[in-house]
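*Asks:* sharing a model prediction with you, sequence too.
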Amino acid sequence: GALDKLTSFLAIPDQDDADCKLRAYALQTLAGLGDSRAAKSVIALLSHSDEFLRLNAAMTLQALPGEESVRALRGLLDDPSLELRGMAAISLSHLGDGSGAQVLHTLIDLATYAAGHAQDPKKWKSAELVQGTRVKAVQALARLGRPEDRELLERLTREETDSTVREAAMRALAPR
């Protein structure tokens, strides 16, 4: 019964959830349930005008395995929003799909954030946010375990100046 109630929350009109918090909480709870039957309702929010809600929907899909989720996330890999592209790529890695690997490489590159901040000074101001995003991208590459990403990870262990990112790369290369 919880699944039906939670998916009904996702259909609440904007005027009844102007800050999108109720729908965001419903998405988080659906992710915790991990029931792929919710995918269709979650996917519907990927085209919402609120970026926060779209990001939460993309994050939720990583917990809802299935071709429907993978297909929807792949469709976000060309989105104008770096944040949404990144979340889609990270979510795809949780589903074992490497189609977002190039986006993950972009998320690891510091120049990406400098360019994004130059374009919009409100974005990527926080060094902690940049660091956390880069670490999540490294962890996503580790989950994928693709041989073609090994060179980048090895370079990070040698040349990366951020010790937290460097440590994430070392962990990514550690034998499992």
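*Replies:* Looks like it came in fine. Numbers count the residues shown, from 1 in each chain.
*Asks:* can you pull out the low-pLDDT segments for this structure?
*Replies:* Low-confidence segments of the chain (pLDDT under 70): 176.
*Asks:* which residue is nearest the centroid of it?
*Replies:* In the chain, the C-alpha nearest the mean C-alpha coordinate belongs to residue 87, at 1.8 Å (Cα atoms, centre = their mean).
*Asks:* just give the nearest non-adjacent residue to residue 90, would you?
*Replies:* With sequence-adjacent residues excluded and distances taken as Cβ to Cβ, 6 or more residues apart in numbering, residue 90 is closest to residue 140, at 4.8 Å. Where C-beta positions appear, they are placed from N, C-alpha and C, glycine not excepted.
*Asks:* isn't that neighbour up against residue 106?
*Replies:* No - applying Cβ atoms under 8 Å, one finds residue 140 not in contact with residue 106, separated by 11.9 Å.
*Asks:* what sits in contact with each of these two?
*Replies:* Shared contacts of residue 140 and residue 106 (Cβ atoms under 8 Å, 6 or more residues apart in numbering): none.
*Asks:* between those two, which one's more packed in?
*Replies:* A side-by-side neighbour count of residue 140 and residue 106, using other Cβ atoms under 10 Å, places residue 140 first with 26 against 16.
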